[in-house]
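>>> no sequence on this one, just coordinates:
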């Protein structure tokens with residue numbers, strides 16, 4: 001075992017699942033951002049959490065409305081992940097600009113991503129400041145899967161690969 005810089009140690013975490021966080025602002029405009037720091041954090045009740053930078057527009061949207069969708073990116077969303085992470089929803093309309101296909105949600109007022117491997121509708125349960133980010137915890141109020149299974153997109157330090165689904 002050797003001692004390394006913290007950034008070297010963090011780089012060893014790859015591959016990682018890519019989460020797409022979807023929210024609406026107080027005026028109803030939908031926004032999406034890719035996030036690498038997301039996970040399930042409770043099984044009963046089912047809750048997820050995601051780390052978002054304090055200055056992120058998506059974080060502001062969630063704080064304003066108390067709702068978000070936590071979606072695991074699907075194999076067809078690699079370009080969406082790459083490009084939607086390079087601009088802020090405060091300055092562009094990502095759903096219009098990237099032609100993101102959606103369907104209506106069941107419970108909250110945030111669109112469901114039809115090309116995602118899985119979508120979880122969430123109500124904000126808590127927000128915890130954590131250094132330069134906040135950890136937003138959402139309670140899952142509805143869940144969605146595509147009619148046909150979609151492979152989950154993984155990040156291999158900037159290269160995206162779809163993970164093989166577990167067969168039944």
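Perfect, I can see it now. Computed from a predicted model, the values in this text were never measured in an experiment.
>>> where does the protein have low pLDDT?
Judged by pLDDT under 70, the chain has its weakly predicted residues at 164-168.
>>> how about the helices in it?
For the chain, the helices defined by DSSP state H cover 6-11, 57-65, 78-84, 94-97.
>>> any buried residues in the longest one, and which?
The one in question is helix 57-65. Within helix 57-65, the residues that count as buried by 16 or more other C-beta atoms under 10 Å are 57-62, 65. For the C-beta atoms, the positions are set from N, CA and C on the backbone; glycine is no exception.
>>> and stretch 71-87, by the same measure?
Those would be 71-78, 80-81, 84, for stretch 71-87 by 16+ other C-beta under 10 Å.
>>> who does the residue minimising distance to the centre of the chain bridge with?
Nearest to the geometric centre of the chain sits residue 20, at 2.5 Å (C-alpha atoms, centre = their mean). Residue 20 has the following beta-bridge partners by DSSP bridges: residue 34, residue 71.
>>> what residues are up against residue 109?
24, 28, 65, 67 (C-beta atoms under 8 Å, 6 or more residues apart in numbering).
>>> same question for residue 70.
Applying C-beta under 8 Å, 6+ apart, the residues contacting residue 70 are 19, 21, 38, 48, 50, 119-120, 122, 138, 140.
>>> could I get those residues as JSON lines with distance to residue 155?
Converted to JSON lines, those look like this (distance: C-beta to C-beta, whole Å):
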{"residue": "19", "distance to residue 155": "10"}
{"residue": "21", "distance to residue 155": "15"}
{"residue": "38", "distance to residue 155": "12"}
{"residue": "48", "distance to residue 155": "18"}
{"residue": "50", "distance to residue 155": "15"}
{"residue": "119", "distance to residue 155": "19"}
{"residue": "120", "distance to residue 155": "19"}
{"residue": "122", "distance to residue 155": "22"}
{"residue": "138", "distance to residue 155": "21"}
{"residue": "140", "distance to residue 155": "23"}
